[in-house]
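J.: Take a look and give me a structure for this.
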Amino acid sequence: MESTGIEKTDNEKIFSKDFAFIWLANFFVFLGFQMTLPTIPIFVNELGGSDQLIGIIVGIFTFSALLFRPYAGHALETKGRGIVYLFGLSLFVLSIGSFGFITSMAFLIVMRIVQGIGWGFSTTASGTIATDLIPPSRRGEGMGYYGLSGNLALAFGPALGLTLAGVLSFTQLFLICASLGLIAFLLSLNIRYKKVDESPHKTKPARFDVLEKTAINPSIILLFITLTFGGIATFLPLFAAEKNIEGIQFYFIAYAIFLMLSRIFAGKIYDAKGDLYVIPPGTVLIFIAMLLLAWLPNMSTMVIAGALYGLGFGTVQPALQAWAVDKAAANRKGMANATFFSFFDLGIGIGAMLFGQLAFLYGYQIIYLVSAFSVIISLSYYMFLVVTGRRRARS
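T.: Residues are numbered from 1 along each chain as shown. Below is the predicted model:
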């Protein structure tokens, strides 16, 4: 029987009950994570940890997530979406819930590794689940809407975590964060997950299969962009304090608001017109934001930089993620997401460690000048792919 126009519209809709569940689950787990982002360093400091140790504890989380994402990608295609997502959420809840009872720095490092593993599994799975639920013809738009869940958490999480840390004990704070992960776990029980592809014709992985080759190019572009994250999240508060600029929270608020605004239109532009209309403009905005942060004369400039960074990253990231999964085989979507987020983690981890050393040697300003150069590399690589025909400008 022929499909009617109405049926086609229904088949291509983004919003469904399952999409709502994964959106809410992602929001709550990201909220719990974002609440710990600015409070973990304070907690380590109260335990007597040095600045170097704070860097290790922050960085080891990122690299443990990075190392285990390929395993998560394989498990998504062999064990199924649900079991991988629930496993990751369980480790996330267990690790964060334990933080408030830890008095040993060594045990904290162990649990940060566990948290990183849980984060690697849960975020790789959730991105893949969202990809499964979004019609291919609207993938850029759909991933933009899905990304709003993490963006909302970013808007409220850090400030909420710092506020609660001022009135509650760390034990209470971390238990609240774990409870948010538990809510995500309960929501995820209601999702109807895509079944594992058991077709004999499906793509077979290589012996040492840790990357999805179709996702490598957009992931490389992403790496040079997320390199800038380490300089912002870790050192911008210190740079602002050095310049006697107050209101650092307004940078993150402006970033989150404009990132969310970008999700409304950027995905639609990507689906309708392709890469060339979103990736170059977005990277240019990020480049300008880095130059403004390197200058940083006052709070207004800092807030404008946050708005430009949010608008730029919110434009680029969903397009790159849609690109990463578009060309992957049906049974390799999980591995494509694992590759994409592995490069995401790698950029943040390298950035945090690199900029820590640069700040020690040359001060904070050099961080944002190097970040601007990193963004130029990202844009140059994209244009190289387009000019040489390795990536068509029209998706």
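J.: downstream neighbour of the helix or strand harbouring K333 in the secondary structure list?
T.: In this structure, K333 is located in helix 333-362 according to DSSP states H and E. Downstream of helix 333-362, the next assigned helix or strand under DSSP H and E is helix 365-387.
J.: The helix holding K333 - what's its average pLDDT?
T.: In this model, helix 333-362 has a mean pLDDT of 82.
J.: F343 - nearest residue in space that isn't next to it in sequence?
T.: Of all residues not flanking F343 in the chain, S219 sits nearest, at 3.7 Å (Cβ to Cβ, 6 or more residues apart in numbering). C-beta: built from backbone N, CA, C; applies to glycine.
J.: repeat for A178
T.: The shortest distance from A178 to any non-neighbouring residue, by Cβ to Cβ, 6+ apart, is to G97 (3.5 Å).
J.: Show the contacting residues for that neighbour.
T.: Contact criterion Cβ atoms under 8 Å, 6 or more residues apart in numbering gives F174, L175, C177, A178 as the residues in contact with G97.
J.: Could I get the full set of helices for the protein?
T.: When assigned using DSSP state H, the helices of the chain occupy the ranges 5-11, 17-36, 39-46, 51-78, 81-99, 105-133, 139-167, 170-188, 216-242, 248-273, 279-295, 299-326, 333-362, 365-387.
J.: To K195, which of the ones you listed lies closest?
T.: Evaluated over the helices of the chain, closeness to K195 peaks at helix 81-99, with 8.7 Å, by Cβ to Cβ.
J.: in that closest one, what counts as buried?
T.: Using 16 or more other Cβ atoms under 10 Å as the test for burial, helix 81-99 gives 81-82, 84-93, 95-99.
J.: Repeat that for stretch 268-283.
T.: When burial is assessed from 16+ other Cβ under 10 Å, stretch 268-283 yields the following buried residues: I269, Y270, D271, G274, D275, L276, Y277, V278, I279, P280, G282, T283.
J.: Likewise for stretch 323-339?
T.: Neighbour-count burial for stretch 323-339, with 16+ other Cβ under 10 Å as criterion, is recorded at 323-326, 328, 331-339.
J.: And for stretch 349-359?
T.: Neighbour counts over stretch 349-359 (16+ other Cβ under 10 Å) mark G349, I350, G351, A352, M353, L354, F355, G356, L358, A359 as buried.
J.: which pair in those spans the largest distance?
T.: When the buried residues of stretch 349-359 are compared pair by pair using Cβ to Cβ, the farthest-apart members prove to be G349 and A359, with a separation of 16.0 Å.
J.: Any stretches of the stretch 251-395 of the chain with poor pLDDT?
T.: Applying pLDDT under 70 to the stretch 251-395 of the chain flags residues 392-395.
J.: Quick check: which ranges of the stretch 101-250 of the chain have low pLDDT?
T.: Per-residue confidence for the stretch 101-250 of the chain (pLDDT under 70) gives these ranges: 197-210, 234.
J.: could you redo the last one with a cut-off of 90?
T.: Filtered on pLDDT under 90, the stretch 101-250 of the chain yields the residue ranges 102-106, 124, 127-128, 131-166, 192-214, 229-242, 246-250.
J.: Need phi/psi at F15.
T.: Recorded main-chain torsions at F15 are phi -80, psi 130, according to degrees, to the nearest 10.
J.: Count the neighbours of the residue nearest to F343 for me.
T.: Other residues near S219 number 24, with proximity taken as other Cβ atoms under 10 Å.
J.: for it, what are its contacts?
T.: Contacts of S219 were listed using Cβ under 8 Å, 6+ apart, and they are L320, A324, T339, F340, S342, F343, F344.
J.: run the last query once more with 10 Å
T.: 211-212, 226, 320-321, 323-324, 336, 339-344, 346-347 (Cβ atoms under 10 Å, 6 or more residues apart in numbering).
J.: still on that earlier bit, dump the contacts of G97 into CSV; add neighbour count and distance to A20 as well.
T.: Formatted as CSV, the contacts of G97 follow (neighbours: other Cβ atoms under 10 Å; distance: Cβ to Cβ, whole Å):
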residue, neighbour count, distance to A20
F174, 27, 28
L175, 17, 27
C177, 28, 23
A178, 20, 23
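J.: can you redo those as a markdown table with distance to L292?
T.: Shown next, in a markdown table, are the contacts of G97 (distance: Cβ to Cβ, whole Å):
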| residue | distance to L292 |
| --- | --- |
| F174 | 35 |
| L175 | 39 |
| C177 | 32 |
| A178 | 37 |
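J.: Please identify which of those is nearest to T301.
T.: Relative to T301, and with distances defined as Cβ to Cβ, the nearest of the contacts of G97 is C177, at 32.6 Å.
J.: Excluding chain neighbours, what is closest to the closest one?
T.: Spatially, and ignoring its direct neighbours in sequence, C177 is nearest to G32 (4.1 Å; Cβ to Cβ, 6+ apart).
J.: Check what pLDDT the one you found gets.
T.: The per-residue pLDDT reported for G32 equals 95.
J.: my guess is it contacts L164, does it?
T.: No: between G32 and L164 there is no contact, the gap being 11.7 Å when judged by Cβ atoms under 10 Å.
J.: Just give the number of residues close to the closest residue to E246 other than its chain neighbours.
T.: Once its chain neighbours are removed from consideration, E246 has its nearest residue in M299; the separation is 6.7 Å (Cβ to Cβ, 6+ apart). When neighbours are counted by other Cβ under 10 Å, M299 registers 16.
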